[in-house]
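Asker: Structural data only, the sequence is not supplied:
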Ligand SMILES: NC(=O)c1ccc[n+]([C@@H]2O[C@H](COP(=O)([O-])OP(=O)(O)OC[C@H]3O[C@@H](n4cnc5c(N)ncnc54)[C@H](O)[C@@H]3O)[C@@H](O)[C@H]2O)c1
Ligand SMILES: O=C(O)[C@H](O)[C@H](O)COP(=O)(O)O
């Protein structure tokens with residue numbers, strides 16, 4: 001059996017070699033020619049999986065080691081009887097870590113206080129819920145815009161309109177990119193919606209590029225005379241970045257909010273499990289062997305510091321989002337690489353999830369658990 005797999009899927013050979021012959025490829029440039037003789041295709045979000053790629057091939061199973069699935073033509077796969085599996089929730093903790101690292105950065109560099117502010121979350125799926133729970137556990141007032149979840153049984157949150165979510169002082173985006181259905185998200189946040197965003201607000205965009213209209217965001221930023229704090233991980237038209245937007249954001253990262261070591265490994269692992277089930281083969285690799293432990297298992301903080309600083313410094317001990325921003329800006333300044341965005345992602349410096357580490361501090365155990373640190 002021939003398996004074509006994106007070279008950026010961690011542990012892919014270790015996991016899949018016992019199931020077939022694994023060939024690693026560059027996912028962004030994958031061609032029909034490369035896949036037509038294969039049986040199994042394993043991708044990440046940069047590969048458009050559609051008729052153009054698959055028609056006439058013998059692919060029977062497509063796995064995407066990602067949460068987002070806007071790169072997959074699900075109708076085409078269903079029509080051709082090709083089994084599909086993704087990795088829901090694999091990197092939800094990683095994205096939540098990114099959000100709180102971004103907030104910590106704003107606090108430590110600009111003195112922006114976020115703990116007492118009202119928070120609006122757009123998209124209440126695996127990521128949005130994780131972020132919501134962390135804010136709630138910290139005692140913040142939080143509301144959610146998710147029209148699809150609002151009326152679903154068992155969904156409990158403070159659901160509000162998009163306008164109300166955008167009027168919060170911290171707004172965190174975790175909606176997928178969709179173009180159809182009752183609530184398509186492409187350009188969902190445009191000139192009119194951005195009028196709700198007040199001066200001194202924080203916007204974190206770690207869902208998909210294209211949900212917020214970037215020209216409108218830039219215009220609103222200037223209208224508010226730069227009184228807007230922006231943390232951007234996803235961009236309209238990746239792998240390109242709008243340089244006018246890059247110039248005004250506090251944090252710019254190359255779509256790596258979900259790139260914790262464990263989050264990416266969990267993506268591979270979930271697809272591995274799904275493929276074994278599809279092939280009716282037993283899994284041979286245990287979860288513990290597929291998912292790495294963290295590099296720092298415990299940190300002890302001493303001294304009398306305020307809650308916001310304690311949280312910020314603990315989080316930055318594990319992951320300071322500024323390092324990814326600095327790497328990106330450095331590469332764009334140098335401008336010596338062909339595809340800077342993809343290079344940064346391929347050469348990502350690993351980071352561990354907060355849940356791999358215990359932090360001890362006299363004043364803040366509950367707060368440290370709230371932001372995802374391991375307290376067991
Ligand atoms: N930056 C990254 O590295 C990164 C990592 C993981 C996920 N993502 C993106 O974030 C998205 C969310 O991840 P998830 O795991 O929570 O996905 P999910 O599928 O669990 O949840 C998506 C949520 O968005 C809601 N939604 C759909 N249309 C909406 C709309 N018009 N307005 C508001 N909400 C809407 C859905 O009802 C659902 O609750 C993914 O689709 C993916 O594109 C990005
Ligand atoms: O959808 C997801 O899971 C994330 O956007 C994911 O982190 C994207 O990473 P990629 O597949 O592009 O490597």
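Answerer: Yep, that arrived. As the structure is a computational prediction, the values presented were derived from the model and not from experiment. Ligands and ions are numbered 1, 2, ... in the order given.
Asker: Could you check how far residue 132 is from residue 352?
Answerer: According to Cβ to Cβ, to the nearest Å, residue 132 and residue 352 sit 23 Å apart. (Each C-beta comes from the backbone N, C-alpha and C, glycine too.)
Asker: pLDDT wise, what is the closest residue to residue 37 other than its chain neighbours at?
Answerer: The shortest distance from residue 37 to any non-neighbouring residue, by Cβ to Cβ, 6 or more residues apart in numbering, is to residue 2 (6.1 Å). Looking at residue 2, its pLDDT stands at 98.
Asker: Go ahead and confirm residue 2 touches residue 41.
Answerer: No. With contact defined as Cβ atoms under 8 Å, residue 2 does not reach residue 41; the gap is 9.7 Å.
Asker: Whichever residue of the stretch 201-350 of the chain sits closest to ligand 2: what's it in contact with?
Answerer: Ligand 2 sits closest to residue 258 of the stretch 201-350 of the chain, with a gap of 3.1 Å, by Cβ to the nearest ligand atom. Going by Cβ atoms under 8 Å, 6 or more residues apart in numbering, residue 258 touches 66-67, 90-91, 94-95, 98, 264.
Asker: any idea how far it is from residue 284?
Answerer: 26 Å.
Asker: quick one, what contacts whichever residue of the stretch 1-150 of the chain sits closest to ligand 1?
Answerer: As assessed by Cβ to the nearest ligand atom, ligand 1 sits closest to residue 125 within the stretch 1-150 of the chain, at 1.6 Å. Counting by Cβ under 8 Å, 6+ apart, residue 125 makes contact with 146, 149, 174, 176.
Asker: Kindly reformat those as TSV containing neighbour count, distance to residue 303 and secondary structure.
Answerer: Listed next are these as TSV, based on neighbours: other Cβ atoms under 10 Å; distance: Cβ to Cβ, whole Å; DSSP: H, G, I helix; E, B strand; the rest coil:
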residue	neighbour count	distance to residue 303	secondary structure
146	23	40	coil
149	18	42	helix
174	30	34	coil
176	15	42	coil
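Asker: Farthest-apart pair in these, please.
Answerer: Based on Cβ to Cβ, the longest span within the contacts of residue 125 runs between 149 and 176 and measures 12.4 Å.
Asker: domain ranges for this structure?
Answerer: As recorded under automatic domain parsing, the domains making up the chain are 2-86+260-290, 92-252, 298-375.
Asker: Would you mind listing the outside residues contacting stretch 176-193?
Answerer: Under Cβ under 8 Å, 6+ apart, the answer for stretch 176-193 is 68-70, 122-123, 125, 147-148, 162-163, 166, 173, 175, 207-213, 216-217, 219-220.
Asker: PyMOL command to pick out the buried ones of these?
Answerer: To isolate the buried members of these in PyMOL, using 16 or more other Cβ atoms under 10 Å:
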select buried, resi 68+69+70+122+123+125+162+166+173+175+207+208+209+210+211+212+213+216+217+220
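Asker: wait, what's in contact with the nearest residue to residue 157 once chain neighbours are set aside?
Answerer: In this structure, residue 157 finds its nearest non-sequential neighbour in residue 144, 4.5 Å apart by Cβ to Cβ, 6+ apart. Counting by Cβ under 8 Å, 6+ apart, residue 144 touches 120-122, 124, 128, 132, 157-160, 165.
Asker: Filter those down to just the ones in helices.
Answerer: Those of those mapping onto helices are 128, 132, 165, per DSSP state H.
Asker: Would you mind checking those residues for buried ones?
Answerer: Among the ones in helices among the contacts of residue 144, those classed as buried by neighbour count (16+ other Cβ under 10 Å) are 128, 132, 165.
Asker: With respect to ligand 2, which of those residues is nearest?
Answerer: Nearest to ligand 2 among those is residue 128, at 13.3 Å by Cβ to the nearest ligand atom.
Asker: residue contacts, that closest one?
Answerer: 121-122, 144, 146, 172, 174-175.
Asker: next one: residue 287
Answerer: residue 269.
Asker: which residues are in contact with stretch 162-170?
Answerer: Residues contacting stretch 162-170 (Cβ under 8 Å, 6+ apart): 103, 114, 117-122, 143-145, 171, 188-189, 193-194, 196-198, 200-202, 204.
Asker: Run through these and flag the ones next to ligand 1.
Answerer: Among the contacts of stretch 162-170, the ones lying near ligand 1 by Cβ under 6 Å from any ligand atom are 122, 145, 188.
Asker: Dump the domains of the chain to JSON lines, plus distance to ligand 2.
Answerer: Below are these laid out as JSON lines (distance: least, Cβ to the nearest ligand atom, whole Å):
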{"stretch": "domain 2-86+260-290", "distance to ligand 2": "3"}
{"stretch": "domain 92-252", "distance to ligand 2": "7"}
{"stretch": "domain 298-375", "distance to ligand 2": "6"}
